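# let's see this in three dimensions:
(chains A, B, C and D)
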There are 4 protein chains.
Amino acid sequence: MATTEAVKAKTLLGECSAEFAGTFILILFGVGVVAQVVAGGIGDHDSIAWAWGIGVTLGIYVAGRMSGAHLNPAVTVALAAFRGFSWRKVLPYVLAQFLGAFVAALVVRWNYTEALHKVDPGLTIKTQGVFSTLPGNGSLDLGVHMWGGFRDQIIGTAILMMVILAITDLRNTAPAANMAPFIIGLLVVGIGMAWGTNAGYAINPARDFGPRVASLITGYGGALKDQFGDLYFWVPIVAPILGALLGAFLYDLLVGRNLPIADEDEEPGRIPEENTSA
Amino acid sequence: MATTEAVKAKTLLGECSAEFAGTFILILFGVGVVAQVVAGGIGDHDSIAWAWGIGVTLGIYVAGRMSGAHLNPAVTVALAAFRGFSWRKVLPYVLAQFLGAFVAALVVRWNYTEALHKVDPGLTIKTQGVFSTLPGNGSLDLGVHMWGGFRDQIIGTAILMMVILAITDLRNTAPAANMAPFIIGLLVVGIGMAWGTNAGYAINPARDFGPRVASLITGYGGALKDQFGDLYFWVPIVAPILGALLGAFLYDLLVGRNLPIADEDEEPGRIPEENTSA
Amino acid sequence: MATTEAVKAKTLLGECSAEFAGTFILILFGVGVVAQVVAGGIGDHDSIAWAWGIGVTLGIYVAGRMSGAHLNPAVTVALAAFRGFSWRKVLPYVLAQFLGAFVAALVVRWNYTEALHKVDPGLTIKTQGVFSTLPGNGSLDLGVHMWGGFRDQIIGTAILMMVILAITDLRNTAPAANMAPFIIGLLVVGIGMAWGTNAGYAINPARDFGPRVASLITGYGGALKDQFGDLYFWVPIVAPILGALLGAFLYDLLVGRNLPIADEDEEPGRIPEENTSA
Amino acid sequence: MATTEAVKAKTLLGECSAEFAGTFILILFGVGVVAQVVAGGIGDHDSIAWAWGIGVTLGIYVAGRMSGAHLNPAVTVALAAFRGFSWRKVLPYVLAQFLGAFVAALVVRWNYTEALHKVDPGLTIKTQGVFSTLPGNGSLDLGVHMWGGFRDQIIGTAILMMVILAITDLRNTAPAANMAPFIIGLLVVGIGMAWGTNAGYAINPARDFGPRVASLITGYGGALKDQFGDLYFWVPIVAPILGALLGAFLYDLLVGRNLPIADEDEEPGRIPEENTSA
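Numbering: from 1, shown residues only, chains lettered A, B, ... in the order given. You can find the predicted model right below:
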């Protein structure tokens, strides 16, 4: 083929289409597994942690090359603030992420119609939690209220962003062979297992708000009024953005700014020998 | 050795033999783990999800080089429709896949003879479900009937195919170092955890029909008449094929057609820097 | 250093030392996890499957370069019969494997002394099963007797060997970047989840006989007389060897003999494009 | 940029900052998951094993390039004794590791305030165990006392160090593509599943002592006096160091000293063909 075709220009629409597709896949697994556990009665919290992580891995493989696979408005904002990602693209990316999460949640809602109605005919808070998060995962038993969720979401997303920057930093020991999406998936599995008590590890405004709206327009309007639902929706939007900024700042402060610029004589990305062996 | 021998031609028989072997391994793990959980009482639904996924990974490593390791008639048809896989090879591949699944199910049936007869002396629907799928996994408790299974199988296989095309697309961020079979296994683990409530995630006509026939000829004829068994068999054949076509269409629509043709100056398959850093 | 030192010759003693070390690590995890589940009451069958697989992965990383990391007499015999591994080395390798398994089992026995004696003061069959295998995992509930274990061990080890040959076959799609030990670990996880009902997936004469003797000389002499213990010991020795030979034969028959010899123009080990895309 | 900038010198402060950051991430997952299981009631022992392992993997990716990612005083001492790591750096590294673990434990303590106080209002030994280890995991049911914990910690850390040296030994079959941190994470998952009964697999003085002090100054002073708490604290400091030295010695004795120096004609790190095939 002609060299004029050899470098096909990426369009912003193409990039947003990939963000839509990647977030769509992420939420098909993430909200899907919660539906299976809560409505289908198959699996437990660890299944949720694993399938969310797998969804992240697969969503990144879908969108990686076209858009960089942010799949998360908090990540997009932090990359704009700390890594020069174009501010002009932030809003389109974020909209595509919300849309992808919203449509995926509708697909889950549709496929699990029978099970959701059988298990929870009133469409209450019991199965609304399949879609979006609540402080204390909808229970007051642990005494976690809005501040507990807000604090938790800042910390959880700071961990997410700090480690994402490490894993994708070619000056550091970034996984090669395109295996970084797998490790980022493990990161989310770990957050689900260690940081999911207070607020269901939303750590992603699109993951939470898209499915929240999808549940609102498909019969869960009443359920969303329960407990903190209608007051809480902004927490998993604002706190993850603050957390991602904090995490990016901490990575650069503690590690990033100290990393040597790659020396031509040294294989980039290897653990240096002087710290592991003679 | 002589250069005339250096490039040994592949034969269709050799390719079909590999498809047989790969699907054989897949089903030895997949039907094997359900037998262990249902008849042996060891493990739970998550064991089933993991061992199915591991079976997929290992089946691909067995068949990959010879046949491309489709191991699934729905994948074969979608690759023919969307990726130029030879239509002439579709039927032989599909027959080899069914045969591999059928023989593997007979091996499981044989090995677990004592356990199956001890746990379910009448060979009823209780243990027939070790071999093939049913709407609602054989239970009416969730109110899932044939349409719920049909819809679910379209969606589940669309997810499978959409992500397979992403993972194996060298223009995208495909895993290198021959680690793609591992990621495809994780994909099936995730589908098992998130999309297994309505219809047991057959997502593969060979996986379902081969073991179904194996159970039919080894004492489960009566069980297959229960509930929807004898009417349902076509659903996990037709719906996965439709789903795989849909998934391939969606991947190309949302991502594939926008991907730049690899630029010589750029390392293929890396997440582009302009979207992740300055 | 001088070039005369640059290529240090391997000695058979060095190779056997590595086989000892690799099998030692394998059994420290394998028998260790069963001790933790049975005597410590921590974890369940899936923990056993995962930790056995992890032990295999790690044992291979320990021994890989020196000895090829067979860690299993059945694998050693099959490699001698089908891949030209020197028959002269078979017996020394096998002895090193048994010794590694034996010493590791003694370490587990020593570390879990308090727990084993607390949970099972009589050192009966209840905790003897921590060390070696029995038909039906020591229970008669499923009606599995010696033949059920023998048959199962042939099948399980055939699966093991067939897939090992695929994963390590550079003409096939072998994992690169030295990730094969990880995939072989997953293989053993899958066998534990799908093929562990009848006979506890010994699939390795050293894994079974070494710890059996270790338990015999540390107070479990009486327990080994229970049920089939003293009659059964040869089954997990003989059946795995037969199974490994069968598995190697099947791999070569169905896949190996058809694989093209690598063409210089083609990147070795990639899934060929003609079967996956246009 | 100018060549004078091209090789930015590493400073000891930068290295210690990375050790701090890596251990911080490790403990955020490790102590975090125990808090989620014990106080949040979400997950079980296997979640703990997985999230600890994931924390190790991610901590290594954070610190790897700057400091070699020891994240563990026992590893630092063993690398100094057996691999020429500078003794001068040992104390600064160890202090950074303790500080990282201490601060991370404070973050967990803060985030899980509500849940810890709700589940255990008196801040007793019941939730103190979230932070540091005890013989028998705080229970006397298995009869494990101080010696059982001491012995166990020597063995567990010997396994850790022996396998770490294998995984990172480029003369052996070390994982490439920067995937070693993932395998080292699996190593810790396996230790958690197989060697966690007697003493909660501290295997890292910083992991244990940092969070122990964090709990002491945040209300758990009384709890630490229970059982062996105030007498036991030195065991997970001293025994892991002895164990790491033993493990490094065993690796070099059994494998390391026999490994051939890389031959230029041979691809380094591959399993040699003479032991796997003809």
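# count the neighbours of residue A:119 for me.
By other CB atoms under 10 Å in any protein chain shown, 18 other residues sit near residue A:119. All C-beta spots, glycine's among them, are computed from the backbone N, C-alpha and C.
# show me what contacts the closest residue to it other than its chain neighbours?
Spatially, and ignoring its direct neighbours in sequence, residue A:119 is nearest to residue A:39 (4.9 Å; CB to CB, 6 or more residues apart in numbering or on different chains). The contact partners of residue A:39, taken as CB atoms under 8 Å, 6 or more residues apart in numbering or on different chains, are A:112, A:115-116, A:118-120, A:127, A:130, B:142, B:197.
# phi, psi of residue A:141?
phi -60, psi -30 (degrees, to the nearest 10).
# so how far is residue A:145 from the residue nearest to it when sequence neighbours are not counted?
What sits nearest to residue A:141 in space, not counting adjacent residues and going by CB to CB, 6+ apart, is residue D:118, at 7.2 Å. Separation of residue D:118 from residue A:145 (CB to CB, to the nearest Å): 12 Å.
# that older thread, give me the lowest-pLDDT entry from the contacts of residue A:39.
Of all the contacts of residue A:39, residue B:142 has the smallest pLDDT value, namely 89.
# what residue ranges in the stretch 151-278 of chain A score low on pLDDT?
Residues of the stretch 151-278 of chain A meeting the criterion pLDDT under 70: A:226-229, A:262-278.
# at 50 what do you get?
A:263-269, A:277-278 (pLDDT under 50).
# and the residue of it that's closest to chain B?
residue A:177 (4.0 Å; CB to the nearest CB).
# three-state assignment of that residue?
Put simply, residue A:177 is coil when judged by DSSP: H, G, I helix; E, B strand; the rest coil.
# can you pull the contacts of it?
Counted by CB under 8 Å, 6+ apart, residue A:177 has contacts B:175-177, B:179, C:176-177, D:177, D:179.
# can you list these in JSON lines and add distance to residue C:138?
Converted to JSON lines, the contacts of residue A:177 look like this (distance: CB to CB, whole Å):
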{"residue": "B:175", "distance to residue C:138": "42"}
{"residue": "B:176", "distance to residue C:138": "45"}
{"residue": "B:177", "distance to residue C:138": "42"}
{"residue": "B:179", "distance to residue C:138": "38"}
{"residue": "C:176", "distance to residue C:138": "41"}
{"residue": "C:177", "distance to residue C:138": "41"}
{"residue": "D:177", "distance to residue C:138": "43"}
{"residue": "D:179", "distance to residue C:138": "38"}
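# residue A:67 is in contact with residue A:16, isn't it?
Yes. Judged on CB atoms under 8 Å, residue A:67 makes contact with residue A:16 at a distance of 7.3 Å.
# give me the common contacts of the two.
Counting by CB under 8 Å, 6+ apart, the residues touching both residue A:67 and residue A:16 are residue A:93.
# distance from the helix or strand residue A:110 falls within to the middle of the chain?
For residue A:110, the element it lies in under DSSP states H and E is helix A:87-111. Centroid separation for helix A:87-111 versus its chain: 12 Å, with CA atoms, centre = their mean, to the nearest Å.
# for it, buried residues please.
A:89-90, A:92-94, A:96-109, A:111 (16 or more other CB atoms under 10 Å in any protein chain shown).
# do it and chain B meet at all?
Yes. Helix A:87-111 reaches chain B (CB under 8 Å from any CB of the partner chain) through A:107, A:110-111.
# which residue is nearest the middle of chain A?
residue A:204 (4.6 Å; CA atoms, centre = their mean).
# quick check: that one touching residue A:76?
No. Residue A:204 is beyond contact range of residue A:76, at 10.4 Å (criterion: CB under 8 Å).
# you'd agree residue A:258 is up against residue D:14?
Yes. With contact defined as CB under 8 Å, residue A:258 counts as touching residue D:14 (3.4 Å).
# any shared contact partners between those two?
residue D:66.
# residues contacting residue A:231?
Counted by CB under 8 Å, 6+ apart, residue A:231 has contacts residue A:146.
# mind checking how far it is from residue A:150?
For residue A:231 relative to residue A:150 (CB to CB), the value is 12 Å.
# go on, residue A:133?
For residue A:133, the distance to residue A:150 equals 12 Å [CB to CB].
# between those two, which has more neighbouring residues?
Legend: neighbour count by other CB under 10 Å for residue A:133 and residue A:150, higher for residue A:133 (27 against 21).
# what is the burial count for the residue nearest to the more buried one when sequence neighbours are not counted?
Closest residue in space to residue A:133, ignoring its immediate chain neighbours: residue A:200 at 3.6 Å, by CB to CB, 6+ apart. Using other CB under 10 Å, residue A:200 has 26 neighbouring residues.
# quick one: the strands in the stretch 101-250 of chain A?
In the stretch 101-250 of chain A, no strands are found when defined by DSSP state E, counting those that start in this stretch.
# all helices for it, in order.
Here the stretch 101-250 of chain A has its helices, by DSSP state H, counting those that start in this stretch, at A:113-119, A:125-128, A:146-167, A:180-194, A:205-216, A:221-225, A:229-232, A:235-254.
# need the contact partners of the first one.
Pointing back at helix A:113-119 there. A:35, A:38-41, A:109, A:123, A:126-127, A:130, B:141-145, B:148, B:197-198.
# would you pull up how far it lies from the middle of the chain?
Worked out by CA atoms, centre = their mean, helix A:113-119 lies 27 Å from the chain centre.
# what's the answer for the third one, then?
Between the mean C-alpha location of helix A:146-167 and the chain-wide mean there is a distance of 11 Å, by CA atoms, centre = their mean.
# just the second one next, same as before
For helix A:125-128, the gap between its own C-alpha mean and the chain's C-alpha mean amounts to 21 Å (CA atoms, centre = their mean).
# sorry, back to before: which of the contacts of helix A:113-119 are buried?
Buried, going by 16+ other CB under 10 Å: A:35, A:38-40, A:109, A:123, A:126-127, A:130, B:142, B:144-145, B:148, B:197-198, out of the contacts of helix A:113-119.
# taking these together, which two end up most distant?
A:126 and B:145 (23.4 Å; CB to CB).
# could you point out the helix or strand that follows the longest helix along chain A?
Scanning chain A for the helix with the most residues, using DSSP state H, yields helix A:12-38. Under the assignment DSSP H and E, the closest C-terminal helix or strand after helix A:12-38 is helix A:45-67.
# that next one near chain D anywhere?
Yes. Using CB under 8 Å from any CB, helix A:45-67 reaches chain D at A:45-46, A:49.
# so who does residue A:67 touch?
Residue A:67 neighbours (CB under 8 Å, 6+ apart): A:15-16, A:18-19, A:22, A:93, B:275.
# out of these, which one sits closest to chain C?
The closest of the contacts of residue A:67, once distances to chain C are taken by CB to the nearest CB, is residue A:18, at 19.4 Å.
# what's the distance between the closest one and residue C:102?
For residue A:18, the distance to residue C:102 (CB to CB) stands at 56 Å.
# can you check residue A:39 too?
Where residue C:102 is concerned, residue A:39 sits at a distance of 51 Å (CB to CB).
# do the same with residue A:95
Relative to residue C:102, and taking CB to CB, residue A:95 is found at 64 Å.
# quick one on the thing from earlier: I'd guessed the residue nearest to residue A:133 sits against residue A:144; true?
No. Assessed by CB under 8 Å, residue A:200 is found out of contact with residue A:144, at 10.5 Å.
# just among the contacts of residue A:67, which is most surrounded?
residue A:19 (34 neighbours).
# and it, what does it touch?
Neighbours of residue A:19 in contact, by CB under 8 Å, 6+ apart: A:63, A:67, A:69-71, A:93, A:96-97, A:100.
# apart from its chain neighbours, what residue comes closest to it?
Nearest-residue entry for residue A:19: residue A:96, 4.0 Å, with adjacent residues in sequence omitted and distances by CB to CB, 6+ apart.
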